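Novice: okay, here's the prediction I keep looking at, along with the sequence it came from:
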Amino acid sequence: MSILDFPRLHFQGVARTYLPNDCGRFSCNKQGHFSIETKIVSAQKEFGKIEQDDPIVGRKVDFGGFNSENQQIKDTCNSALIFESDPASNWTNTIMVDRLVLGGSDSILSASVRGLSLARWQDFYHIRELPENCLNDKFGSAAVYQFAVSKDAKNLLWNDEEVSLSPTASVLREAMKQDNVLGLVVQFSLSGISAPVQAYASDFWELHGTIGLWYEDELATYPHGRLLTPQNSSKSLSRESQPLGNLTLKFTPKGASLNMVTAVPCVARSSQLADDDKEIFFKIDIGNLELRTIDDFRLIAKIPYQAYQKQAHELTSGMIDIPYCEDWADFWDEVEDQGLCIVGTVDEQRQILAEEKEINIQVDDACLFLENSIVNDSGQFVDLEIRSFVRGRPQAVEVVYLNQFYNPDAFPQLREEFEWDTKNKDRIFNFPHSSEMPIIGFKPGKVSEKGYFGASCEISTNQQGRAWVTLRGAIPGTAKILISTFPYQHPCYPNYSNEAEMAYDNQDQLGFWNNTGFFVVRAGS
């Protein structure tokens, strides 16, 4: 389902982010405006068939903005917004789109969008071999964003005349009438940021996106499908040289469809290229990939090298359809009951590069703002739905644990106070342990249900893979909330003296947070 299903519209172009010196509620230079200049580059109505002769190819895709004050971040503007709920964090990039417009001035479709889209699948080392630069942590980064458009939105408008000109648009509109279709889903990646020309100037990013159908039981802001995450089976690869990133996939009777929008890292522009050379990157070579089952290592399908390279990526935004190596009927029950892996070549050796995370727990509302209060006033408590998927399908999980890890960089005053105290002259400062700084409180169930708040929480999801938890602010600050099936899971060894900094892992040195379920919170005063 989702963009793993059909029809699909692939669009690409440039995203512009402008971050003014000071705007909005948090008075920081990490909140500003987001706009795109993109067009549809191909269409797909069926498995494995890419069309460039559909009249919809070449039409614009636009993200509209706001014309009135937005109550969540207290800003007034007429473009989409990009901001960081925590200016001291690399993990809280969030985009807010108000309207999707497909087709340009003579639009094929116009519809409103609601909600916040937190960056998913963030990869701080997506672009490799960068020339030395103090901004390489930004130049090398990539992230995936996703939002949905409800088919029941009051101002969803189809242009009948324009729709009739495009076979793919016609199929898309007709498919939205199905009872199990909720609307449209839009996924796009941002990577390959251009070098800044001056302070406070706009940044420009490469954008690769896909539009598809949004089905029941699918998240609106997180990629759907069976999730595979990076593995380093030989333990010989550094975090910076990891050969494969996150991806999702879906099986159909015709073959496997993979969402590899940012899965394969890139190599940067060579410092030897001329100034007018337009070649920005190419994908690294990890050979012909194999999709296999994890238990008996059965070969399911092969992903040829050409399928994930730049030429193919610029046509399908990383959406890859591959046929099976044998008849679907011979193994479908086997792949439903065990995990999957992807095998590739690194240093001339075949090894497992990605392995399925069979239990995937996520939330749609992954960027939250809370007020600090222990009284039951309006707006002080937030109900949050937790979703659990087992091998890509909604399913009950007996116990789910929520634990929080505050961002030490959001508390610089703690270090300053320590260093100002003459008693600490010969002592080494360490931030308080994560367990000693709870930013929020959790309570199982919704606000209306009885229960007690605590610094951590245990819940169970029902047969539909759904559960609720109530949140409230405890102290002003920011944190990442880990959602896990392991009671004592921790990003690092919990007894390290600098545990708080290592656990939050702002530079993604551990490779932990990108491969697990989490959401971010900001608690105000």
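Specialist: Nice, thanks for sending it over.
Novice: got the phi/psi numbers for Pro408?
Specialist: When read as degrees, to the nearest 10, the backbone of Pro408 gives phi -60, psi -30.
Novice: neighbours of it, how many?
Specialist: Residues contacting Pro408 under the criterion other C-beta atoms under 10 Å number 24. For every residue, glycine as well, the C-beta is placed using N, CA and C.
Novice: does it really touch Glu501, like I thought?
Specialist: Yes - applying C-beta atoms under 8 Å, one finds Pro408 in contact with Glu501, separated by 5.1 Å.
Novice: overlap of the contact sets of these two?
Specialist: Shared contacts of Pro408 and Glu501 (C-beta atoms under 8 Å, 6 or more residues apart in numbering): Phe431.
Novice: now Ala455: how far from Phe405?
Specialist: 11 Å (C-beta to C-beta, to the nearest Å).
Novice: those two: which is more packed in?
Specialist: Phe405 (24 against 17).
Novice: what about that one, which SS state?
Specialist: Three-state assignment for Phe405 (DSSP: H, G, I helix; E, B strand; the rest coil): strand.
Novice: hang on, it packs against Gly477?
Specialist: No - contact between Phe405 and Gly477 fails when scored by C-beta under 8 Å: they sit 11.2 Å apart.
Novice: and Phe453, how many neighbours does it have?
Specialist: Counted with other C-beta under 10 Å, the neighbours of Phe453 add up to 17.
Novice: same question, Tyr452
Specialist: Counted with other C-beta under 10 Å, the neighbours of Tyr452 add up to 8.
Novice: grab the nearest non-local neighbour of it.
Specialist: Of all residues not flanking Tyr452 in the chain, Lys443 sits nearest, at 6.5 Å (C-beta to C-beta, 6 or more residues apart in numbering).
Novice: quick one, helices of the stretch 151-300 of the chain?
Specialist: For the stretch 151-300 of the chain, the helices defined by DSSP state H, counting those that start in this stretch cover 160-164, 167-175.
Novice: brain fart, the stretch 301-450 of the chain
Specialist: Assigned by DSSP H, counting those that start in this stretch, the helices in the stretch 301-450 of the chain fall at 305-308, 310-316, 332-336, 412-420.
Novice: hmm, back to that, quick check: which of the helices of the stretch 151-300 of the chain is nearest to Phe83?
Specialist: helix 167-175 (31.1 Å; C-beta to C-beta).
Novice: helices or strands next to the closest one in the packing?
Specialist: Under the contact definition 3 or more C-beta pairs under 8 Å, 6 or more residues apart in numbering; DSSP states H and E, helix 167-175 sits against strand 31-46, helix 160-164.
Novice: list the buried residues in the last one.
Specialist: I take that to be helix 160-164. Using 16 or more other C-beta atoms under 10 Å as the test for burial, helix 160-164 gives Glu162, Val163.
Novice: just the CA trace of it, in CSV.
Specialist: Coordinates of each C-alpha in helix 160-164 appear next as CSV, following Å, rounded to 0.1, in the frame of the first residue of the first chain:
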residue,chain,number,x,y,z
ASP,A,160,-12.1,17.6,-14.0
GLU,A,161,-10.8,18.9,-17.3
GLU,A,162,-7.1,18.6,-16.3
VAL,A,163,-7.6,15.2,-14.7
SER,A,164,-9.1,13.8,-17.9
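Novice: residues in contact with it?
Specialist: Applying C-beta under 8 Å, 6+ apart, the contact partners of helix 160-164 are Gly103, Asp106, Ser107, Ile108, Leu109, Ala169, Ser170, Arg173.
Novice: of those residues, grab the buried ones for ChimeraX.
Specialist: Buried residues within those, by 16+ other C-beta under 10 Å, are selected in ChimeraX with:
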select :103,107,108,109,169,173
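Novice: lowest-confidence one in the contacts of helix 160-164?
Specialist: Lowest pLDDT within those is found at Asp106 (89).
Novice: isn't that residue right up against Ile56?
Specialist: No - using C-beta under 8 Å, Asp106 is not in contact with Ile56; the gap is 12.0 Å.
Novice: if we can go back for a sec, in JSON lines, list the helices of the stretch 151-300 of the chain along with distance to Leu340.
Specialist: As requested, the helices of the stretch 151-300 of the chain are exported to JSON lines (distance: least, C-beta to C-beta, whole Å):
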{"stretch": "helix 160-164", "distance to Leu340": "38"}
{"stretch": "helix 167-175", "distance to Leu340": "27"}
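Novice: quick check: closest non-adjacent residue to Met319.
Specialist: Closest to Met319 by C-beta to C-beta, 6+ apart is Thr210, at 5.7 Å.
Novice: local confidence estimate at that neighbour?
Specialist: pLDDT at Thr210 comes out at 98.
Novice: do the same with Glu69
Specialist: Taking Glu69 on its own, its pLDDT is 42.
Novice: what's the answer for Trp214, then?
Specialist: In the predicted model, Trp214 carries a pLDDT score of 98.
Novice: again, but for Asn514
Specialist: Here, the pLDDT recorded for Asn514 equals 92.
Novice: then Gln351?
Specialist: 93.
Novice: now do the contacts for Gly65.
Specialist: His33, Ser35, Cys77, Asn78, Ser79, Ala80, Leu81, Val97, Asp98, Arg99.
Novice: out of those residues, which are inside helices?
Specialist: Among the contacts of Gly65, no member falls in helices (criterion: DSSP state H).
Novice: can you redo those residues as TSV with pLDDT?
Specialist: Shown next, in TSV, are those (pLDDT from 0 to 100):
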residue	pLDDT
His33	88
Ser35	93
Cys77	46
Asn78	56
Ser79	76
Ala80	91
Leu81	92
Val97	95
Asp98	93
Arg99	94
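Novice: now, which of those lie within strands?
Specialist: Taking DSSP state E, the ones among the contacts of Gly65 that sit in strands are His33, Ser35, Ala80, Leu81, Arg99.
Novice: how close does the second one sit to Leu118?
Specialist: Okay, so that is Ser35. From Ser35 over to Leu118 the distance is 19 Å, taken as C-beta to C-beta.
Novice: out of the contacts of Gly65, which end up buried?
Specialist: The neighbour count (16+ other C-beta under 10 Å) marks His33, Ser35, Cys77, Ser79, Ala80, Leu81, Val97, Asp98, Arg99 as buried among those.
Novice: so who does the residue nearest to the first one when sequence neighbours are not counted touch?
Specialist: The shortest distance from His33 to any residue that is not its chain neighbour, by C-beta to C-beta, 6+ apart, is 4.3 Å, and that residue is Ser79. If you count contacts by C-beta under 8 Å, 6+ apart, Ser79 has them with His33, Phe34, Ser35, Gly64, Gly65, Phe66.
Novice: pull the helix or strand with minimum mean pLDDT from the protein.
Specialist: The weakest-scoring helix or strand in the chain, judged by mean pLDDT, DSSP states H and E, is helix 136-139 (a mean of 82).
Novice: OK, contacts around Asp330?
Specialist: Counting by C-beta under 8 Å, 6+ apart, Asp330 has no contacts.
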